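Engineer: Output the structure for:
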Amino acid sequence: MEQSIEVPVGTAARVSVPATSANLGPGFDSMGLALELRDEIRLEVVDGPDTAAVEGEGAAELPTDGTHLVLRLARAHLEARGARVPGLSLQARNRIPHARGLGSSAAAVVSALTAAEALLPESVRRTPESLLDDAARREGHPDNVAPALLGGATVSWTRDDGVDGFATAALHVHPAVTPVVAVPETRLSTEAARGVLPETVPHAVAAAQAGRAGLLVHALAEDPSLLLPATRDRLHQQQRAVAMPASAALVEALRAEGWAAVVSGAGPTVLVLADGADAARRAADRMAALTADSGVMWRVRVPGIAGEGVRVESLQHG
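Structural biologist: As a prediction, the model looks like this:
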């Protein structure tokens with residue numbers, strides 16, 4: 001426990017955090033990409049109970065009291081930092097679809113931790129980058145929280161220098177690389193998607209996956225023409241097809257036509273990494289056409305890459 005910090009009523013912070021797409025095919029649990037689709041929150045210290053007001057995605061479902069995930073995490077983080085607050089008021093505008101493989105839970109974790117830090121006096125405040133370990137532990141893995149914190153594309157790994165936690169590195173992304181997403185109305189929890197994965201994989205599969213992950217780094221940075229072979233996955237997408245058959249069928253159809261299509265995160269959103277703006281428009285048209293008669297409602301978007309991660313603004317300090 002750090003020294004006790006009193007945070008005055010009226011202290012507030014505003015945070016904007018991007019959606020993220022994890023894995024990108026072969027980069028399972030390690031690679032992620034920030035998308036310019038943002039949740040926004042305002043967190044304020046109040047003299048009263050913890051309350052939440054939510055607009056947008058999930059507004060009709062999310063709690064409006066202290067059980068809201070952002071409020072729970074923010075309060076827990078403040079307590080761990082030795083800060084005392086009478087109450088917290090949350091105003092949230094959600095644009096990231098929930099349980100669709102676009103990092104909504106990672107966005108909640110990152111927004112909670114960064115907003116809580118921004119309520120603290122500037123002299124003790126931690127940078128968003130330094131919150132990677134805390135965020136990854138709350139989320140369970142770093143592939144989404146890293147790009148949410150840093151923006152752009154990232155690769156993360158478990159540290160082996162005797163320090164418990166994770167490290168991450170920013171990946172250069174060629175300016176032609178343009179993400180396109182098809183978001184279905186159906187949901188899939190990360191837990192359900194992970195539940196169908198085998199506990200072990202053959203050595204040949206692991207070796208093939210390592211080669212494609214290395215190629216993906218090169219394709220993202222230097223040669224987007226290689227994105228189709230670079231996004232070939234053998235570790236998790238086929239195994240998860242039973243949990244999201246419509247998404248698996250869309251990925252298969254798109255790849256058969258030459259598009260670098262993958263399942264976004266744990267799914268069921270489908271991501272295409274297109275080579276240029278024109279290709280992205282054509283990919284969006286094909287995704288719309290292929291899903292038109294699927295029996296499932298899909299939203300197709302070209303969100304762009306978020307070069308900047310979480311944005312934090314401290315509004316007032318007593």
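Engineer: Domain map for the chain?
Structural biologist: For the chain, automatic domain parsing gives the domain ranges 5-170+306-316, 177-301.
Engineer: now those in JSON lines, with mean neighbour count and mean pLDDT?
Structural biologist: Where C-beta positions appear, they are placed from N, C-alpha and C, glycine not excepted. Conversion of the domains of the chain to JSON lines gives the following (neighbours: other Cβ atoms under 10 Å; pLDDT from 0 to 100):
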{"stretch": "domain 5-170+306-316", "mean neighbour count": "20", "mean pLDDT": "95"}
{"stretch": "domain 177-301", "mean neighbour count": "18", "mean pLDDT": "92"}
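Engineer: in the protein, which spans are helices?
Structural biologist: Ranges of helices in the chain, per DSSP state H, are 69-80, 104-119, 132-139, 145-150, 190-195, 203-221, 227-230, 237-240, 245-256, 277-291.
Engineer: For the last one, enumerate the helices and strands it packs against.
Structural biologist: The one in question is helix 277-291. Packed against helix 277-291 by the contact rule (3 or more Cβ pairs under 8 Å, 6 or more residues apart in numbering; DSSP states H and E) you find strand 177-184, helix 245-256, strand 270-275, strand 298-301.
Engineer: who's in contact with the last one?
Structural biologist: Just to be clear, that refers to strand 298-301. 37, 180-185, 284, 287-288, 291 (Cβ atoms under 8 Å, 6 or more residues apart in numbering).
Engineer: which one of those sits closest to Thr200?
Structural biologist: Pro184 (30.4 Å; Cβ to Cβ).
Engineer: That closest one bridge partners, please.
Structural biologist: Beta-bridge pairing for Pro184 (DSSP bridges): Trp298.
Engineer: quick one on the thing from earlier: could I get the helices of the chain in a markdown table, plus columns for distance to Gln91?
Structural biologist: A markdown table is the format used below for the helices of the chain (distance: least, Cβ to Cβ, whole Å):
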| stretch | distance to Gln91 |
| --- | --- |
| helix 69-80 | 10 |
| helix 104-119 | 11 |
| helix 132-139 | 21 |
| helix 145-150 | 20 |
| helix 190-195 | 26 |
| helix 203-221 | 36 |
| helix 227-230 | 39 |
| helix 237-240 | 35 |
| helix 245-256 | 33 |
| helix 277-291 | 32 |
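Engineer: Arg126: which of these is closest?
Structural biologist: helix 104-119 (5.3 Å).
Engineer: give the contact list for the residue nearest to His236 when sequence neighbours are not counted.
Structural biologist: Nearest non-adjacent residue to His236, counting by Cβ to Cβ, 6 or more residues apart in numbering: Phe28, 5.5 Å away. By Cβ under 8 Å, 6+ apart, Phe28 lies in contact with 209, 233, 235-236.
Engineer: mind running it again at 10 Å?
Structural biologist: 22, 141, 143, 197, 209, 213, 233-237 (Cβ atoms under 10 Å, 6 or more residues apart in numbering).
Engineer: Check Arg240 too.
Structural biologist: If a contact means Cβ under 10 Å, 6+ apart, then Arg240 has 188, 192-197, 247-248, 263, 266-268 as its contacts.
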